[in-house]
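> quick one, structure for this:
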Amino acid sequence: MITSLLFTLTCCGFLANSQTVVKGFVRDAVTMKPIQFVSIYFEGGKGVTTGEDGSYSIITYRDKLNTLNFSFTGYKKVTRKVAIGKEQTINIELDLAESLKEVTVKTRKRAKYRNRDNPAVELIDLVIENKNKNRIKAYDFVQYQQYEKLSLSLTNKPEKLIKNRLFRNYKFILENIDSTTIEGKSLLPIYLEEKLSERYLRKNPEKDKTIVLGEKKVNYGDFLDDNGISQYLKRLYEDINIYDNNITILTTQFLSPIADMGPSFYRYFIRDTVQLEGIKLVKLYFTPRNPNDLLFRGTMFITLDGNYGVQKISMTISKNANLNWTRELRINQDFEKAKDGRFHVIKSSMLTEFALTKNASGGVLGERTVSFKNFLTDVPAPDSIYNAKDLVNKSGPVTAPDSFWIANRHSPLTTVETKAYYNIDSLKNMRSFKRFGDLVTLVFSGYKSFGPWELGNTNTFYSFNPVEGFKPKVGGRTTPKFSNFIYFDNYIAYGFKDEKFKYLAAVTYSFNHKSVYSFPLNYLRLSYQYDTKIPGQELLFVQEDNLLLSFKRGNNNKWLYNNFLKAEYVREFGKNISYTFGFKNWKQTPAGDIIYKKVADNSIVKDLTTSELSAEIRWAPNEQFYQGKNFRIPIINKYPVFKFRFIAGVKGLMKGEYNYQNISLNLEKRFYLSQLGYTDVTLEGGQIFGKVPFPLLTIHRANQTYAYQINSYNLMNFMEFVSDRYAAANFDFYFNGFFFNKIPLIKKLKLREVASFKVLYGGVRDENDPGNGEGLLKFPIDNNLGNQTTFALNKEPYIEMSVGIANIFRLLRVDLVRRLTYLDNPGIATWGIRTKVRFDF
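This next block holds a predicted model:
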């Protein structure tokens, strides 16, 4: 009742009488083109400037300010009266000043641009030289209040949907249109979230503390995971620091116009000099030397006070930039003068419009706006602030009522934005919308929800292989609606060729009564599984029974029947540190071309049984996830991921046949290379102690599918190489079109270069070499030709490399892969073409 009343009062303006909001556009009266950087201010109050599209928005809380001024060098000043306490739109057309109407400048020849003896470049060099002292990190202590608003909207009014009878129940959503925020576009809000927080920064020892005062976001119920959407959008719309050399936008790095290497990639032009509050400013225009590169174009104002800081910047990307799905991208930042004379950012906004094509009739517009208040420098906060956790949620305002937001927002929501919260809250309860949500979830996730239980994964319902033949499979899992601390998952499958059932039964207990996919994990899982597996095939985020992976090259007849009994305890902590303790009893039975024969007498071993105790520690600082309700996928960023694992095989425990120890270390890191793209690096190594047969050695990851796999060796056959000690390095290079962007005609296709290099060192000690050791098993042979098909890496490393083209049709990557060593092994391919579907911006 109270919430509804607040909403009604807010929409009608009764709770916003102290706020006068004016917005609109400023254009040239003759050409009707938008004018950027027009000064707009209340008589006796502070002001703002227009953005690249001529838009502005200004707010005052002072009841006596009712005169708004518009001024820009070379144009006549305009004054307008405003209605106090209301939200209103005022569009202005500025006339040229009389002294400028008759001025005409002509040139016959365009001067050649060069950096040498260029005043604009000399100025930008001074900005670069003074970057460190203009950064916010230059202060010993900083504290401020930060307000963030992140929104998604459909562009252009969906007239056909509004008139369609099937959507008549959704008119309250489809008619909530904002046609004033962006000129020429009608925006239909579909997502909105807000956050209010206090930030405390300390230089030494370094500390970045955030206290969240309140959070609010739309809620689509079970249809979409709002936290997952929020995490993904924050990865796309990261904080922008113009003083950084590289600015990450849409997971891609752009070179800042004031980067150290800026003069090598940008052209700079001085356009004007102006004066603001007694400080002289230079208006500097910048543009890419190559419009296809990931660079900006726009205008910045630079202070001539000896600090050479940025006072305002507005920039966008070239329409030819090698960026997918992005029709428009704008960034605006306003800076405010601090007490010591330096300027710090007070408002930052980033707007992007996504569309399938440049000429599509509609798209999705995303905007993140961040504003700052109560900026205080070089004043330390109490020690209790710095000694606590880096991120603290205050329990009260996080779920605060609307009155909290009305009182504390840095700028009020529009009427359309306010309605979005309530409209989507009503939408999620509609039965027809729930049915639509179920259908979409089934298509994209492969699961059909029945409340407390989900049927899936549909991608694995059908597969085939040489050992099992046609293999249908059906399964499911419980959801938090069944229980928030006990989870079950299972499946059953049947091979029509081997005439055997396969199955999984698992139960998980969540100690923190949260989903077993939600951070921080804290659960115990018990499972029993009987199924087949290809030794040496490891897939990331893809089920092995996926239909598309049933198609393989070469001899695909090396399989194992596996009986797994597992117990696993997983615990995550706040610093993205986790540990896992486990037990695994594994009975493996060879199938297909794999036969276990003893070296001593050629007798056949039907199966092997091992019992293992394991411990693993994983550290992934600043790790981010796309978090769903029943899954989570890591979002790769610039931070490394470390993983150390120890496994001990125990003879005699539950029929375990061998004693051994296995240690391994893995490091993954993405290195951003600015305009050269980035490189994903994986380093790993391991060693097995003890005498074991070859099935218990490290079977290196191979790939016989036609899909390119990042972490596998794409021209290595299954079970081709084994080791009891190894070291490996994988390098995957993404150049983001840096070279193709320089080639005429080719650059219009927006293709991107990729390459990889993989090297694997390994070996088998004499005690584990079937040629030297008693009590071991022979390496497998080809049943048709009698050739040995499994080898040790003793004489030289395994090396393969590839070059390829990515972003074909914006989705496809094609690699030409070349194997460089062990070319005499039987049944191998030395060349191959592999493909990979990859969605990227």
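
> for stretch 125-138, how far is the first residue from the last?
Between the opening and closing residues of stretch 125-138 there is a gap of 19 Å (Cα to Cα, to the nearest Å).

> mean confidence (pLDDT) on it, please.
On average, the pLDDT along stretch 125-138 is 94.

> contact partners of it?
142, 201, 203, 241, 243, 258-260, 262-263, 302, 307-310, 342-345 (Cβ atoms under 8 Å, 6 or more residues apart in numbering). C-beta: built from backbone N, CA, C; applies to glycine.

> likewise for stretch 516-529?
With contacts defined as Cβ under 8 Å, 6+ apart, stretch 516-529 is touched by 487, 503-512, 514, 562-574, 578, 625, 627-632.

> show me what the closest residue to residue 656 other than its chain neighbours is bridged to.
By the measure of Cβ to Cβ, 6 or more residues apart in numbering, the closest residue to residue 656 outside its immediate chain neighbours is residue 611, 3.3 Å from it. Counting by DSSP bridges, residue 611 forms beta bridges with residue 585.

> list the contacts of residue 611.
Residue 611 is in contact with 583-586, 649-650, 653-656, counting by Cβ under 8 Å, 6+ apart.

> mark which of the residues you listed are buried, thanks.
583-586, 649, 656 (16 or more other Cβ atoms under 10 Å).

> output those as TSV; include the columns pLDDT and distance to residue 789.
Listed next are those as TSV, based on pLDDT from 0 to 100; distance: Cβ to Cβ, whole Å:
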residue	pLDDT	distance to residue 789
583	97	32
584	96	27
585	97	28
586	95	23
649	96	25
656	94	27
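
> mind checking pLDDT for the residue nearest to residue 656?
Confidence score, pLDDT, at residue 611: 97.

> separation between it and residue 732?
Note on residue 611: its distance to residue 732, by Cβ to Cβ, to the nearest Å, is 37 Å.

> re the thing from before, filter the contacts of stretch 516-529 down to the buried ones and hand me the ChimeraX line.
To isolate in ChimeraX the members of the contacts of stretch 516-529 that are buried, counting by 16+ other Cβ under 10 Å, one can use:
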select :487,504,506,508,509,510,514,562,564,566,568,570,571,572,578,625,627,628,629,630,632
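
> starting at the chain centroid, how far to the helix or strand hosting residue 646?
In the assignment (DSSP states H and E), residue 646 maps to strand 641-649. Taking the mean of its C-alpha atoms, strand 641-649 sits 27 Å from the chain's own mean (Cα atoms, centre = their mean, to the nearest Å).

> pretty sure residue 748 belongs to a helix, no?
Yes: read with DSSP: H, G, I helix; E, B strand; the rest coil, residue 748 is one of the residues of a helix.

> excluding sequence neighbours, find me the nearest residue to it.
Closest residue to residue 748 apart from its sequence neighbours, by Cβ to Cβ, 6+ apart: residue 320 at 7.9 Å.

> what about the one you found, neighbour count?
15 (other Cβ atoms under 10 Å).

> all helices of the stretch 351-500 of the chain, in order?
Secondary structure of the stretch 351-500 of the chain by DSSP state H, counting those that start in this stretch: the helices cover 383-387, 395-398, 402-408, 415-427, 431-445.

> mean neighbour count, those: which tops it?
helix 415-427 (a mean of 19; mean count of other Cβ atoms under 10 Å).

> now do that one: everything it contacts.
7, 10-11, 87, 151, 170, 172-173, 176-178, 187, 189-190, 192, 216, 218-220, 433.

> distance check, residue 231 against residue 150.
Counting by Cβ to Cβ, the gap from residue 231 to residue 150 is 11 Å.

> between the two, tell me which one has more neighbours.
For residue 231 and residue 150, the more surrounded residue by other Cβ under 10 Å is residue 150, and the numbers stand at 22 against 17.

> list the contacts of that one.
Counting by Cβ under 8 Å, 6+ apart, residue 150 touches 191-194, 230, 233-234, 237, 366-369.

> cool, and residue 649?
Residue 649 neighbours (Cβ under 8 Å, 6+ apart): 610-612, 656, 658-662, 690, 692, 696.

> next: residue 593.
555, 557-558, 780, 782-783, 789 are the contacts of residue 593 under Cβ under 8 Å, 6+ apart.

> state the distance from it to residue 556.
Residue 593 is 10 Å from residue 556, by Cβ to Cβ.

> same question for residue 710.
21 Å.

> just checking, residue 696 touches residue 659?
No: in this structure residue 696 lies outside contact range of residue 659 using Cβ atoms under 8 Å: 10.9 Å.

> more neighbours: those two, which one.
Set residue 696 next to residue 659 and count neighbours by other Cβ under 10 Å: residue 696 wins out with 24 against 16.

> for that one, report the pLDDT, please.
Per-residue confidence (pLDDT) for residue 696: 94.

> show me the contacts for it.
Taking Cβ under 8 Å, 6+ apart, one finds 608, 610, 649, 658, 660, 688 in contact with residue 696.

> tally of neighbours for the fourth one?
Using other Cβ under 10 Å, the number of residues around residue 658 comes to 18.

> next, it: secondary structure please.
Following three-state DSSP, residue 658 is assigned to coil.
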